[in-house]
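Peer 1: got a predicted structure here, sequence first:
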Amino acid sequence: MKTAKRPSHSNNLQPQQRLEVGFFQRKEDEGAFFRPGLLQGSLVSTTPKPPPFFSGVGIPTQPVSKTSSGKVIQRSNGEGNLGRLNEMLDSINVPEEEVITLCGLLTDSEKATVLAGGYRPRMANALNVEEMVRAVNYLGAMLSTKLEWVNDAAFTTGSIDYSDISGMVSSAPQNERNMLKINYWRGFFVDVCTNETMITALDELGFDLETKLDWIEAELHSNRMELSYSTIQPWIVHPNTTQSEKDGLKTNRWKTFFGQICTNETMITALNDLGFDRTTRREWMAAEGITVYAIIEKSDFLRSIEGVTLSSELENRVRNLCEYLIDQNLVSENITFNEGARSKIKAHRWSTAYHIRQGEVPLSNLQALDEGMDLDGNLWYKEGWTWDQIVENAENYWGGKLAHEGYKPGTAERLPNIDAVPVSNHCLEKSALDASIRWRNGDGWHAEAIQLVSRFGLARPISTEHWHFELP
């Protein structure tokens, strides 16, 4: 990882330092240049040693700043362009611009000779990074070779800026870029790049998703402090990133990595982008510290009773909605399925009690009952009771909210309830399902809830009951 600009050129060093690193230096009493060699031990380079298959002889020492005399070297033998190139490189003061221009005039055969014939250390001694970039572009070398030669021309690998080599990276064919997916080149780019330019480099290198993440992690000192999910999100959601690449991240290493760079909120975003299966998703949520709630059913939740069966389609839609809410961290406690299919007897008892409490059941209906009881045996009236006593008795049966009937209008079973009360969908083939959902962001009638209920193909027709679900 680079945290500062490249070192200053050689003329900022003390004379003895120039000698120690092997710079060419003019003697005080002579007009010629000489290379005194290494004094006080060998130069210690921060540049990694190239892998065995690389061409060249390693990392030579050379001046960082070179100047041209402006003199054009004329051909003096019969070796053509290569002869001219040799003369230039052997010159006391190498004409860098002429060397670069000549590289562009070489034939394909001559370029191949230069690339394979030991010119690399000689040109690295003569050219600086910017000049070497131009030269190797003229020579038409493959990307890894270009980078080797540029690295040799640099004072250290860390003195190269990514902007120096960006053009050759972005213009290289993908197969040449893919050849860089080894540890050596990862280390090279870590030395060259800052956190910001590593992102640019990885965009231009066009690697697969896991390699990009591996390289950016190598660039960082602290994942948690230096990286956020928004920085890498474009790689995850890029249309060329396949689900197979994303699924390749389902390991403990990447679970930890994403846990370090994400907040609770951005972890949910990341998991949406990654498209993992529900089991993996919830493992990652739990690792992040997000509570993964569950769907539970009350002990008296029924799917079938007295010939009434809960619609499987309705249950599936409500369950899918609830699983989504858990996956998105949109609830703050477990979701409870309270009621599905409802007994007609229970529905009648609740509905009758509710409508007596509301004063909607006439006293005459109660007085007409045989011994004050309906056909199910529920006692609603005794001779001499006041209306307050009748209401108090009804509250003992059901003190809750609005409840619809279990029996059809006009039937003896419905009495003493009135015919105007509709039959509850809990008792019909259409079905209803009541689920307690503690929405994290509102009361259940907020915009998010309304949108999601509709999205999952559900309706809530009772405006006072956000827990009551039916099919549209």
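Peer 2: Noted; the coordinates are in hand. Numbers count the residues shown, from 1 in each chain.

Peer 1: which strands or helices does the lengthiest helix in the chain pack on?
Peer 2: Counting by DSSP state H, the longest helix found in the chain is helix 312-327. If you count contacts as 3 or more CB pairs under 8 Å, 6 or more residues apart in numbering; DSSP states H and E, helix 312-327 packs onto helix 278-288, strand 295-297, strand 335-339, strand 433-436, helix 447-455, strand 468-469. Just so you know, the C-beta spots here come from the backbone N, C-alpha and C atoms, and that holds for glycine as well.

Peer 1: and residue 102, what element?
Peer 2: Following DSSP states H and E, one finds residue 102 within helix 96-105.

Peer 1: ok, now which ones touch residue 107?
Peer 2: residue 81 (CB atoms under 8 Å, 6 or more residues apart in numbering).

Peer 1: circling back: can I get the helices and strands packed on helix 312-327 in a markdown table with distance to residue 394, mean pLDDT and mean neighbour count?
Peer 2: Converted to a markdown table, these look like this (distance: least, CB to CB, whole Å; pLDDT from 0 to 100; neighbours: other CB atoms under 10 Å):
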| stretch | distance to residue 394 | mean pLDDT | mean neighbour count |
| --- | --- | --- | --- |
| helix 278-288 | 46 | 98 | 16 |
| strand 295-297 | 29 | 98 | 15 |
| strand 335-339 | 21 | 97 | 19 |
| strand 433-436 | 22 | 98 | 20 |
| helix 447-455 | 33 | 98 | 14 |
| strand 468-469 | 22 | 97 | 23 |
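
Peer 1: dump these into CSV; add distance to residue 125 as well.
Peer 2: Output for the helices and strands packed on helix 312-327, formatted as CSV (distance: least, CB to CB, whole Å):
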stretch, distance to residue 125
helix 278-288, 53
strand 295-297, 72
strand 335-339, 73
strand 433-436, 77
helix 447-455, 67
strand 468-469, 79
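
Peer 1: so what's the nearest residue to residue 108 once chain neighbours are set aside scoring on pLDDT?
Peer 2: For residue 108, ignoring the flanking residues on the chain, the nearest one in space by CB to CB, 6 or more residues apart in numbering is residue 140 at 7.8 Å. We have a pLDDT of 95 for residue 140.

Peer 1: can you give me the neighbour number for residue 140?
Peer 2: 15 (other CB atoms under 10 Å).

Peer 1: separation between it and residue 119?
Peer 2: Distance, residue 140 to residue 119, using CB to CB, to the nearest Å: 14 Å.

Peer 1: distance of the residue nearest to residue 108 relative to residue 168?
Peer 2: Counting by CB to CB - residue 140 and residue 168 are separated by 11 Å.

Peer 1: kindly report the same for residue 194.
Peer 2: With CB to CB as the criterion, residue 194 and residue 168 are 19 Å apart.

Peer 1: likewise for residue 430?
Peer 2: 68 Å.

Peer 1: between these two, point out the one with more neighbours.
Peer 2: Neighbours of residue 430 and residue 168, each counted by other CB under 10 Å, are more numerous for residue 168; the result is 18 against 12.

Peer 1: what's the neighbour count on the closest residue in space to the more buried one that isn't next to it in sequence?
Peer 2: Distance criterion CB to CB, 6+ apart; nearest residue to residue 168, sequence neighbours excluded, is residue 146 at 5.2 Å. Neighbour count for residue 146, taken as other CB under 10 Å: 23.

Peer 1: residue contacts, residue 146?
Peer 2: Shown in contact with residue 146 (CB under 8 Å, 6+ apart): 133, 136-137, 165, 168.

Peer 1: now render those residues as TSV, adding secondary structure, pLDDT and distance to residue 451.
Peer 2: Listed next are those as TSV, based on DSSP: H, G, I helix; E, B strand; the rest coil; pLDDT from 0 to 100; distance: CB to CB, whole Å:
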residue	secondary structure	pLDDT	distance to residue 451
133	helix	97	54
136	helix	97	57
137	helix	97	55
165	helix	98	49
168	helix	96	50
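
Peer 1: is it true that residue 378 touches residue 350?
Peer 2: No. Contact criterion CB atoms under 8 Å: residue 378 and residue 350 do not qualify, at 10.5 Å.

Peer 1: between these two, which contacts overlap?
Peer 2: residue 397.

Peer 1: higher neighbour count, the two?
Peer 2: residue 350 (23 against 18).

Peer 1: ok, and the closest non-adjacent residue to the more buried one?
Peer 2: With sequence-adjacent residues excluded and distances taken as CB to CB, 6+ apart, residue 350 is closest to residue 403, at 3.7 Å.

Peer 1: hmm, back to that, in a helix, the residue nearest to residue 168, correct?
Peer 2: Yes. Counting by DSSP: H, G, I helix; E, B strand; the rest coil, residue 146 is located in a helix.

Peer 1: where does this protein dip in pLDDT?
Peer 2: 1-79 (pLDDT under 70).

Peer 1: repeat the analysis, applying 50 as the threshold.
Peer 2: Along the chain, the parts satisfying pLDDT under 50 run over 4-78.

Peer 1: and the helices in the stretch 101-250 of the chain, which stretches?
Peer 2: Remark: helices assigned in the stretch 101-250 of the chain by DSSP state H, counting those that start in this stretch are 108-116, 119-126, 129-139, 143-153, 162-171, 174-178, 183-192, 195-205, 209-219, 223-226, 229-237, 243-247.

Peer 1: can you redo the ones you listed as TSV with distance to residue 89?
Peer 2: As requested, the helices of the stretch 101-250 of the chain are exported to TSV (distance: least, CB to CB, whole Å):
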stretch	distance to residue 89
helix 108-116	10
helix 119-126	5
helix 129-139	11
helix 143-153	13
helix 162-171	22
helix 174-178	27
helix 183-192	26
helix 195-205	31
helix 209-219	36
helix 223-226	43
helix 229-237	43
helix 243-247	46
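
Peer 1: and the closest residue to residue 404 other than its chain neighbours, how many neighbours?
Peer 2: Spatially, and ignoring its direct neighbours in sequence, residue 404 is nearest to residue 424 (3.6 Å; CB to CB, 6+ apart). Using other CB under 10 Å, the number of residues around residue 424 comes to 22.

Peer 1: for residue 424, give me its contacts.
Peer 2: Per CB under 8 Å, 6+ apart, neighbours of residue 424: 342, 347, 351, 403-406, 432.

Peer 1: what of residue 305?
Peer 2: Here residue 305 is in contact with 341-343 (criterion: CB under 8 Å, 6+ apart).

Peer 1: any chance of those in a markdown table, plus secondary structure?
Peer 2: Formatted as a markdown table, the contacts of residue 305 follow (three-state DSSP):
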| residue | secondary structure |
| --- | --- |
| 341 | coil |
| 342 | coil |
| 343 | coil |
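
Peer 1: which one of those residues sits closest to residue 465?
Peer 2: Using CB to CB, residue 342 comes nearest to residue 465 of the contacts of residue 305, at 13.9 Å.

Peer 1: surely that closest one and residue 427 touch.
Peer 2: Yes. The criterion here is CB under 8 Å, and residue 342 meets it with residue 427 at 5.5 Å.

Peer 1: between these two, which contacts overlap?
Peer 2: Joint contacts of residue 342 and residue 427 (CB under 8 Å, 6+ apart) are 308, 406.

Peer 1: list the buried residues of stretch 398-412.
Peer 2: The neighbour-count check on stretch 398-412 (16 or more other CB atoms under 10 Å) flags 398, 403-407 as buried.

Peer 1: can you redo these as JSON lines with distance to residue 330 and secondary structure?
Peer 2: Putting these into JSON lines (distance: CB to CB, whole Å; DSSP: H, G, I helix; E, B strand; the rest coil) gives the following:
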{"residue": "398", "distance to residue 330": "32", "secondary structure": "coil"}
{"residue": "403", "distance to residue 330": "29", "secondary structure": "coil"}
{"residue": "404", "distance to residue 330": "30", "secondary structure": "coil"}
{"residue": "405", "distance to residue 330": "35", "secondary structure": "strand"}
{"residue": "406", "distance to residue 330": "34", "secondary structure": "coil"}
{"residue": "407", "distance to residue 330": "39", "secondary structure": "coil"}
